[in-house]
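*Asks:* pasting the sequence and the predicted coordinates here, then a few questions.
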Amino acid sequence: MNPPADNRRLVPAYLATTGRARPSRNTLDRLTVLHGASDPATVSGLRPEETRLLELLRGGALSLAEAAAHLRLPVSVVKVLVADLVDAGRLMARAPIPDAELPERQILEKVLNGLRTLKSS
Amino acid sequence: MDSALSSPPSPGDPAGASAAGGSIYLEDKPQTLVKLLVAGPFGVGKTTFIRSLSETAPLHTEEVMTQTGALVDNLAGVRDKTTTTVAIDFGRLTLPGDLVLYMFGTPGQRRFRPLWQDIARGALGALVLADTRRLADSFEVMDMIEEAGLRYAVAVNSFPDSPSHHPDTLRDHLDLHPDTPLVVCDARSRDQSADALIALVGHVLEVLDQQQKDDSTPGRQHGRQQPQETA
């Protein structure tokens, strides 16, 4: 059996996203860092899942995957929620690697050195 | 992959403490988030491995897939006739230098391929967990990793009743490329699990350096020995 060519998934929790299975922006990743907007507007007019997400993020920043796990929602659904909330200015999303110029080699070296510190602790 | 789940934090809980003691939240400063895959067949110890290293209790996301007609294994719950869910376990490890390493446990079966590709995108590499009692189960996993273009190392999880084999024998059975690291580890041990990741990341660095050295050489170095191309 071949998977659907466009990686499309059916999302039973589609009601949380008003029927859309794709977020309005494609840059969202499991490791996208989510923060609530510092000056949250009123929470009126939000769907329950959006309210839960914003409440979760009131405590601090989380990766998108972590937010999905804590809310017990599929990652695909959370991507749609996040895209809408970012569009509405209620949420900030940052790329996993803030300094896009950071070469892969340097990141790998930092990971390697970091893992070695675990060993000596 | 176990489905045991600690209760989620109550949203807005000021403490936000996880079962593992640390905060569930990221530190309040710019950090670089990277990920590695911990791949392997069901029951090989992926979640145990992640738990050994994660600073938070391992989390999982419920992933929904279209699987018309596909067999549903005992891991996945069916919501209706055309969708299945699979739980993806993951953990987090904050390292010095404002670095946060995420480890995603990824199932090996080919039918999870679309999900797999989504998780693998941007990963630094993959650690393949293997069980000496059923080494062949790891082939599918290694094939998918190679298709995704990821570098990998193999860690043989030593279960108490695992037959022990000489590393050369295991390497032979797994048909590994001579450069692909093979380590034996007890996934319950934090130190040994860290050693396995160190072997992986060291290998990825070596491959990167090698690539830069012979950038003009056509073809890609594979983790496994490749048979001659056939049409």
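*Replies:* Yep, it's here.
*Asks:* ok, B:V184 to B:Q31 distance?
*Replies:* 32 Å (Cβ to Cβ, to the nearest Å). Placement of C-beta: from N, CA and C, glycine included.
*Asks:* kindly apply the preceding question to B:Q211 instead.
*Replies:* Distance from B:Q211 to B:Q31, by Cβ to Cβ: 28 Å.
*Asks:* got any ranges where chain A has weak pLDDT?
*Replies:* Residues of chain A meeting the criterion pLDDT under 70: A:1-26, A:38-43, A:100-101, A:120-121.
*Asks:* and A:D29, what element?
*Replies:* A:D29 is part of no helix or strand when elements are defined by DSSP states H and E.
*Asks:* which non-adjacent residue is nearest it?
*Replies:* In space, and not counting its chain neighbours, A:D29 is closest to A:P96: 6.1 Å by Cβ to Cβ, 6 or more residues apart in numbering or on different chains.
*Asks:* which residues of chain B fall in strands?
*Replies:* B:32-40, B:59-66, B:78-80, B:83-95, B:99-107, B:126-130, B:152-157, B:182-185 (DSSP state E).
*Asks:* strand B:83-95 and the second one, what's the angle between them?
*Replies:* Following axes from the mean of the first three to the mean of the last three Cα atoms, to 10 degrees, one obtains 150 degrees for the angle between strand B:59-66 and strand B:83-95.
*Asks:* can you name every helix or strand that strand B:59-66 contacts?
*Replies:* Applying 3 or more Cβ pairs under 8 Å, 6 or more residues apart in numbering or on different chains; DSSP states H and E, we find strand B:59-66 packed against helix A:64-71, helix A:75-87, strand B:83-95, helix B:113-120.
*Asks:* strand B:83-95 and the first one, what's the angle between them?
*Replies:* I take that to be helix A:64-71. Using the same axes, to 10 degrees: helix A:64-71 against strand B:83-95 is 120 degrees.
*Asks:* so where's chain B shaky on pLDDT?
*Replies:* B:1-21, B:66-83, B:216-231.
*Asks:* from chain A, how far off is the residue most central in space within chain B?
*Replies:* Nearest to the geometric centre of chain B sits B:V38, at 1.2 Å (Cα atoms, centre = their mean). Separation of B:V38 from chain A (Cβ to the nearest Cβ, to the nearest Å): 14 Å.
*Asks:* would you map the strands across chain A?
*Replies:* According to DSSP E, the strands that chain A contains are A:33-36, A:62-63, A:91-94.
*Asks:* hang on, the earlier thing: most tightly packed of the helices and strands packed on strand B:59-66?
*Replies:* Most buried of the helices and strands packed on strand B:59-66 by mean neighbour count (mean count of other Cβ atoms under 10 Å in any protein chain shown) is helix A:64-71; its value is a mean of 24.
*Asks:* in terms of secondary structure, what does that one contact?
*Replies:* helix A:48-57, helix A:75-87, strand B:59-66, strand B:83-95.
*Asks:* nearest to A:L31, out of those?
*Replies:* strand B:83-95 (10.1 Å; Cβ to Cβ).
*Asks:* that closest one pairs with which strands?
*Replies:* The pairing partners recorded for strand B:83-95 under DSSP bridges are strand B:59-66 (antiparallel), strand B:78-80 (antiparallel), strand B:99-107 (antiparallel).
*Asks:* and B:Q211 and B:Q31? which has more neighbours close in?
*Replies:* Using other Cβ atoms under 10 Å in any protein chain shown as the criterion, B:Q211 and B:Q31 rank with B:Q31 on top: 20 against 12.
*Asks:* circling back to that earlier point, dump the strands paired with strand B:83-95 into CSV; add distance to B:D175 as well.
*Replies:* Shown next, in CSV, are those (distance: least, Cβ to Cβ, whole Å):
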stretch, distance to B:D175
strand B:59-66, 29
strand B:78-80, 35
strand B:99-107, 21
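*Asks:* format those as TSV; extra columns: mean neighbour count.
*Replies:* Formatted as TSV, the strands paired with strand B:83-95 follow (neighbours: other Cβ atoms under 10 Å in any protein chain shown):
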stretch	mean neighbour count
strand B:59-66	23
strand B:78-80	11
strand B:99-107	24
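*Asks:* check contacts around the residue nearest to the spatial centre of chain A.
*Replies:* Nearest residue to the geometric centre of chain A (Cα atoms, centre = their mean): A:L64, 2.3 Å. If you count contacts by Cβ atoms under 8 Å, 6 or more residues apart in numbering or on different chains, A:L64 has them with A:L28, A:D29, A:R30, A:L31, A:T32, A:L34, A:V75, A:V78, A:K79, A:V82, A:A93.
*Asks:* got the buried residues for the helix ranked longest in chain B?
*Replies:* If you go by DSSP state H, chain B has its longest helix at helix B:190-213. Residues of helix B:190-213 classed as buried by neighbour count (16 or more other Cβ atoms under 10 Å in any protein chain shown): B:190, B:192-205, B:207.
*Asks:* then stretch B:145-165?
*Replies:* Buried residues in stretch B:145-165, counted by 16+ other Cβ under 10 Å: B:I145, B:E146, B:A148, B:L150, B:R151, B:Y152, B:A153, B:V154, B:A155, B:V156, B:N157, B:S158.
*Asks:* thinking the third one is in contact with B:W116, fair?
*Replies:* Translated: B:A148. Yes. With contact defined as Cβ atoms under 8 Å, B:A148 counts as touching B:W116 (7.2 Å).
*Asks:* right, I'll call it a day here.
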